[in-house]
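**Q** model this:
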Amino acid sequence: SPATHEIAQVQGAGAATPLSGQTVRVEGVVTADFQRTDQLSGFFVQDPAPDDDPDTSDGIFVYNRSADVNVGDRVLVTGRAIEYQGLTELSPVTAVDVCGTARPIRPANVELPLDRATESYEGMLVRYTQPLTATETYQLGRYGELTASADGRLFQPTEGRGSTQAENDARRILIDDGSNVQNPDTVPFTDPHAVRIGDKTWNLTGVLSYGFGLYRLQPTTETRFARTNPRAPRPAH
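**A** Numbering: from 1, shown residues only. Predicted coordinates:
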């Protein structure tokens with residue numbers, strides 16, 4: 001049977017789905033697959049023909065571990081529209097029908113600070129076109145996540161650098177590892193070396209998700225940081 005709703009209708013223009021609790025059937029192309037139980041237990045789907053409203057996202061998370069899908073598959077997904085920890089998703093899912101393959105979704109090119117509410121990109125494939133700087137790595141080993149920022153590192157607003165907390169927040173993005181596992185066996189973003197504050201990455205690409213109170217990018221391509229902040233040589237004795 002055909003789709004009953006566009007993904008944008010399920011997402012809506014606000015922070016939460018206007019169809020909460022309703023069973024919907026949407027059609028789209030798989031943009032990212034994180035179905036393993038040590039990952040996010042689902043996949044992302046995006047409408048290849050977006051609507052004309054920039055405030056409504058055209059992508060959505062499907063909470064499902066069993067469907068045999070691959071990136072680039074065109075799928076029809078039936079499930080209940082809900083909010084889970086602030087993320088609009090389909091769960092439980094009662095049917096995933098693969099209708100063939102499609103031209104891969106091209107990521108939306110974005111820059112920080114974003115030109116509109118982050119919510120309008122939730123679930124979508126995006127590419128950050130500016131270089132981003134690693135500005136916080138405290139949670140990298142435990143949760144596989146780090147924070148990157150535009151226009152260099154972020155500093156506390158109290159340091160007299162003229163930026164407010166809101167401006168700092170608009171310049172940052174949390175980069176996740178597609179997993180909610182604590183203490184991952186392999187620490188991400190450490191190839192070819194451990195990432196350090198000040199290192200930079202270019203063309204960061206992934207799907208924009210939400211969880212644990214923050215928007216977070218789940219990369220769909222390998223994310224490498226270049227050593228642009230080398231340590232000073234040790235002084236000679």
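**Q** Can you tell me how far residue 131 is from residue 148?
**A** Using C-beta to C-beta, to the nearest Å, residue 131 is found at 9 Å from residue 148. No exception for glycine: its C-beta is placed from N, CA and C like everyone else's.
**Q** Which residue ranges of this structure form helices?
**A** Secondary structure of the chain (DSSP state H): helices at 7-11, 140-143, 165-170.
**Q** could those helices be laid out in JSON lines, adding mean neighbour count?
**A** Putting the helices of the chain into JSON lines (neighbours: other C-beta atoms under 10 Å) gives the following:
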{"stretch": "helix 7-11", "mean neighbour count": "24"}
{"stretch": "helix 140-143", "mean neighbour count": "16"}
{"stretch": "helix 165-170", "mean neighbour count": "13"}
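**Q** Residue 131 and residue 148 - which one has more neighbours?
**A** Between residue 131 and residue 148, residue 148 has the larger neighbour count (other C-beta atoms under 10 Å), namely 29 against 16.
**Q** okay, now residue 221: neighbour count?
**A** 11.
**Q** And for residue 70?
**A** So residue 70, with other C-beta under 10 Å, has 11 neighbours.
**Q** these two touch, right, it and residue 33?
**A** Yes - at 6.7 Å, residue 70 counts as touching residue 33 under the criterion of C-beta atoms under 8 Å.
**Q** how about residue 116, what does it touch?
**A** Each residue near residue 116 by C-beta atoms under 8 Å, 6 or more residues apart in numbering is listed here: 54, 55.
**Q** distance of it from residue 192?
**A** From residue 116 across to residue 192, the span is 36 Å (C-beta to C-beta).
**Q** Same check on residue 59?
**A** 31 Å.
**Q** Same drill for those two, tell me which one is more crowded.
**A** residue 59 (28 against 8).
**Q** partner residues bridging the more buried one?
**A** Counting by DSSP bridges, residue 59 forms beta bridges with residue 46.
**Q** residues in contact with it?
**A** Residues near residue 59 by C-beta under 8 Å, 6+ apart: 7, 11, 28, 31, 44-47, 122-125, 207-208.
**Q** let's see it at 6 Å
**A** The contact partners of residue 59, by C-beta atoms under 6 Å, 6 or more residues apart in numbering, come to 44, 46, 123, 124.
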